[in-house]
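> Sequence and predicted structure below; questions after.
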2 protein chains.
Amino acid sequence: MTAEPLADFLNRARVRVDEALARILPTPPACPAIVSDAMRYSVFAGGKRLRPILTLAAADAVTRAGHTRVGDTRVGHRFSGAGASADAGADAGADPDPLRLALPAACAIELIHTYSLIHDDLPAMDDDTLRRGRPTLHVVYGDGIAILAGDGLHAEAFTLLATAPALDDPETLRRKLRVLWLIGSAAGPAGMVGGQAIDLQAAGQAPGHPLTLDADGLRGMHARKTGALIRASAVSGAIMAGAADDLVAAMDGYATEVGLAFQIVDDILDVESDPATLGKSTGKDAAGAKPTYPALFGLDRSRALAADCLERAHATLTAAGLTGGWLGPIAEWVVRRKS
Amino acid sequence: MTAEPLADFLNRARVRVDEALARILPTPPACPAIVSDAMRYSVFAGGKRLRPILTLAAADAVTRAGHTRVGDTRVGHRFSGAGASADAGADAGADPDPLRLALPAACAIELIHTYSLIHDDLPAMDDDTLRRGRPTLHVVYGDGIAILAGDGLHAEAFTLLATAPALDDPETLRRKLRVLWLIGSAAGPAGMVGGQAIDLQAAGQAPGHPLTLDADGLRGMHARKTGALIRASAVSGAIMAGAADDLVAAMDGYATEVGLAFQIVDDILDVESDPATLGKSTGKDAAGAKPTYPALFGLDRSRALAADCLERAHATLTAAGLTGGWLGPIAEWVVRRKS
């Protein structure tokens, strides 16, 4: 186990992600001020940064475990850029800054998550006016600019992952494209977008295409809507750190449990919490007759389901030899959070 | 010059693109039926396919000219996949099927173009109800599903470009990432999205952020809104075919003129044509007080400006030794088209 408390790691990871995002998001004159301002309004709205934290923690855990691909023990140094030569004498497999390996993927995923919140909040979708304690983007800029700001963040995510290929060695190029494919698939029609479409149908917001969800249908919707990108977050970190295939599979199993737990807890908080604590409207699920875990299973059984996820997440980490980092504590945090 | 008439090449390119798009767009059960159906409704709505045609024609022209990068004369074969070994005895630099090199980029760009039309047509943006002679997507599926179908196509575009990196040699990996970066930048906040935001501001649809455009402002808006992706279309084809840097620059110059001409002619057709010919509403620009070339310069001067673009496009091709393919005839088609 690491001696660093989880809170310190979370803070360190958030600072790294926020600094990188502030640096890479385009500004005038390259980008019109209204788009730049709108994108930053939503990106720097005080989100939890769960997804990029998972990406960085996964890369860190893989590096700690030393389970990188055969013949690839010095993987860290390949991502070190200009400073790599100075590190060449360090331990094989131990990048002095393992978070750097996965930072572009972490930021790309946060941009995609942010774009999805902007679009989901629109009147044509969930019609939310409060997010992270502030008016949602379309309330401030109008629906048109909000759609465009979301589209802009979506494109920036992929552009960021494709930056500077001329500087990369072939193994890094291959990992970048693999991660790009993974994130694109998780965000696209078979993943997040598909899940939101099912949600719209279930909420009666897709005229002529209603849908009623049972427990399996609910699980399937969430597996797409939030699960896919959370899985991609952890797996991207593992791939960028050079994880062997068995470790990538274990990371996917861990993140599947974290993603499901996250959604169950989200549904519970929508019933139990209040807007001041949560920073967004509560009680909306019941009001909109949306299917939720508490509605289908009750609050007690929902809490037990989340605890089961946590137990399976820990078991997966133990079996894969990945208990030395922050992945376990992050799973605890996801289940025990109050907002 | 090729003996094949332009119409035959356009038809051949459209068939290739349409077949590839039909194959790669996800279907149930991987993707919910409503998203799959909505995406296909817009992708297969009978568009001109100008952008992917430019990509394929650019790759073809570079291959014909033999101006590939030093040490890269057999570039075509690297993209040939499983069939490559059978072609190994053919002419160096002449892939037996040069269009194949650039097909994923061509399709990705068409998906991005289609997503942008879906979002631009929304009531929150241009509020168009007719496109390519059919009701726009949001009229059929509602605004929420239309936004999601656009988002889905956007993600698919990048996923498509990142497919199967394990099969690629390092030079192909590098070209794919370079093209991904290029397309993402052209589509993003500094390109297409930024241009549409300026358009919304100029049309008074960004509450609190009005903007008045003069001739330079109009040119700048179009350079972003349509110009950037048209340039990326031709340049992507050149890069995937292994063009040397000077040829990539010439392709960019050519496509800049084609993009500007395309927009001027679009504005002229909005005044001169009718919905039955054009497949979309006409007279909208004047009705919405949107800035246009005819409004700023009059119809005669606008026609002369488009002719100037055509002349410069031809001059660029001649100077770069790129006159042997379809790029010249495509520029003529863009200027002389009636719809």
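Yes, it's here. This one's a predicted model, so the numbers in the text were calculated from it and none came from an experiment.
> which of the residues in the biggest helix by length in chain A are buried?
Across chain A, the longest stretch assigned as helix under DSSP state H is helix A:245-272. Residues A:247-248, A:250-271 are the ones in helix A:245-272 that count as buried (16 or more other C-beta atoms under 10 Å in any protein chain shown). To be clear about C-beta, it is placed using only N, CA and C from the backbone, and glycine gets the same treatment.
> Report how many residues lie close to the residue lying closest to A:Arg224 once chain neighbours are set aside.
Nearest-residue entry for A:Arg224: A:Gly195, 3.0 Å, with adjacent residues in sequence omitted and distances by C-beta to C-beta, 6 or more residues apart in numbering or on different chains. Around A:Gly195 there are 25 other residues, counting by other C-beta atoms under 10 Å in any protein chain shown.
> Doesn't A:Gly195 lie inside a strand?
No: the assignment for A:Gly195, made by DSSP: H, G, I helix; E, B strand; the rest coil, is helix rather than a strand.
> who touches it in this structure?
The neighbourhood of A:Gly195, defined by C-beta atoms under 8 Å, 6 or more residues apart in numbering or on different chains, consists of A:Met221, A:His222, A:Ala223, A:Arg224, A:Lys225, A:Thr226, A:Gly227, A:Ala228.
> A:Gly253 now?
Contacts of A:Gly253 (C-beta under 8 Å, 6+ apart): A:Thr316.
> Now the spatially most central residue of chain A. Nearest residue, chain neighbours left out?
The structure's chain A has its C-alpha centroid closest to A:Arg51; by C-alpha atoms, centre = their mean the separation is 2.5 Å. Distances taken as C-beta to C-beta, 6+ apart place A:Ser233 nearest to A:Arg51, at 4.2 Å, with adjacent residues excluded.
> Alpha carbons of the host helix or strand of the one you found, in PDB - could you do that?
Assigned by DSSP states H and E, A:Ser233 falls within helix A:228-240. Taking Å, rounded to 0.1, in the frame of the first residue of the first chain, the C-alpha atoms of helix A:228-240 are listed here in PDB:
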ATOM      1  CA  ALA A 228     -18.700   2.200 -20.900                       C
ATOM      2  CA  LEU A 229     -16.800   5.500 -20.400                       C
ATOM      3  CA  ILE A 230     -15.800   4.600 -16.800                       C
ATOM      4  CA  ARG A 231     -14.400   1.300 -18.100                       C
ATOM      5  CA  ALA A 232     -12.600   3.000 -20.900                       C
ATOM      6  CA  SER A 233     -11.100   5.400 -18.300                       C
ATOM      7  CA  ALA A 234      -9.300   2.700 -16.300                       C
ATOM      8  CA  VAL A 235      -8.500   0.600 -19.300                       C
ATOM      9  CA  SER A 236      -6.900   3.500 -21.200                       C
ATOM     10  CA  GLY A 237      -4.600   4.200 -18.300                       C
ATOM     11  CA  ALA A 238      -3.600   0.500 -18.200                       C
ATOM     12  CA  ILE A 239      -2.900   0.400 -22.000                       C
ATOM     13  CA  MET A 240      -0.900   3.700 -22.000                       C
END
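> elements contacting it?
When contacts are defined as 3 or more C-beta pairs under 8 Å, 6 or more residues apart in numbering or on different chains; DSSP states H and E, helix A:228-240 packs onto helix A:50-65, helix A:99-121, helix A:170-187, helix A:192-202, helix A:245-272.
> mind checking which of those is nearest A:Met39?
helix A:99-121 (8.2 Å; C-beta to C-beta).
> what pairs with whichever helix or strand comes after that closest one, and is each one parallel or antiparallel?
Per DSSP H and E, helix A:99-121 leads on to strand A:130-131 as the next helix or strand towards the C-terminus. When sheet partners are counted by DSSP bridges, strand A:130-131 sits next to strand A:134-135 (antiparallel).
> Mind pulling up the pLDDT for A:Tyr293?
What the model reports for A:Tyr293 is a pLDDT of 93.
> now do A:Gly195
97.
> for the one 4 residues further on, same thing?
At A:Asp199, the pLDDT value in this model is 94.
> how much space is there between it and chain B?
Using C-beta to the nearest C-beta, to the nearest Å, A:Asp199 is found at 10 Å from chain B.
> what's the answer for A:Val248, then?
Using C-beta to the nearest C-beta, A:Val248 is found at 13 Å from chain B.
> Identify the residue spatially nearest to that residue, adjacent ones excluded.
That would be A:Ala238: by C-beta to C-beta, 6+ apart, it lies 5.1 Å from A:Val248.
> Hmm, that neighbour is touching A:Met251, no?
Yes: using C-beta atoms under 8 Å, A:Ala238 is in contact with A:Met251, at 4.3 Å.
> Now list whatever residues contact both of those two.
Overlap of the contact sets of A:Ala238 and A:Met251 (by C-beta under 8 Å, 6+ apart) consists of A:Ala58, A:Val62.
> Let me see the contact set for A:Tyr293.
A:Leu218, A:Gln263, A:Ile264, A:Asp267, A:Ile268, A:Ser302, A:Leu305.
> Identify the residues contacting the fourth one.
Spelled out, it's A:Asp267. A:Asp267 makes contact with A:Asp285, A:Thr292, A:Tyr293, A:Pro294, A:Ala295, A:Ser302, according to C-beta under 8 Å, 6+ apart.
> wait, what's in contact with A:Leu25?
Here A:Leu25 is in contact with A:Ser36, A:Met39, A:Arg40, A:Val43, A:Glu156 (C-beta under 8 Å, 6+ apart).
> swap the cut-off to 6 Å and go again
In this structure, A:Leu25 makes contact with A:Met39, judged by C-beta atoms under 6 Å, 6 or more residues apart in numbering or on different chains.
> For the stretch 1-150 of chain A, which residues are neighbours of chain B?
By C-beta under 6 Å from any C-beta of the partner chain, the part of the stretch 1-150 of chain A that sits against chain B consists of A:26, A:30-32, A:34-35, A:119, A:124-125, A:142-145, A:147-148.
> and if we set it to 7 Å?
A:26, A:30-32, A:34-36, A:39, A:119, A:122, A:124-125, A:141-145, A:147-148 (C-beta under 7 Å from any C-beta of the partner chain).
> average model confidence for whatever helix or strand A:Ala155 lives in?
If you go by DSSP H and E, A:Ala155 is part of helix A:143-161. On average, the pLDDT along helix A:143-161 is 97.
> same question, stretch A:203-213
88.
> Check what contacts that stretch and list those residues.
A:198, A:200-202, A:221, A:288, A:290-291, B:34, B:141-142, B:144-145 (C-beta atoms under 7 Å, 6 or more residues apart in numbering or on different chains).
> Since that was my last question, I'll sign off now.
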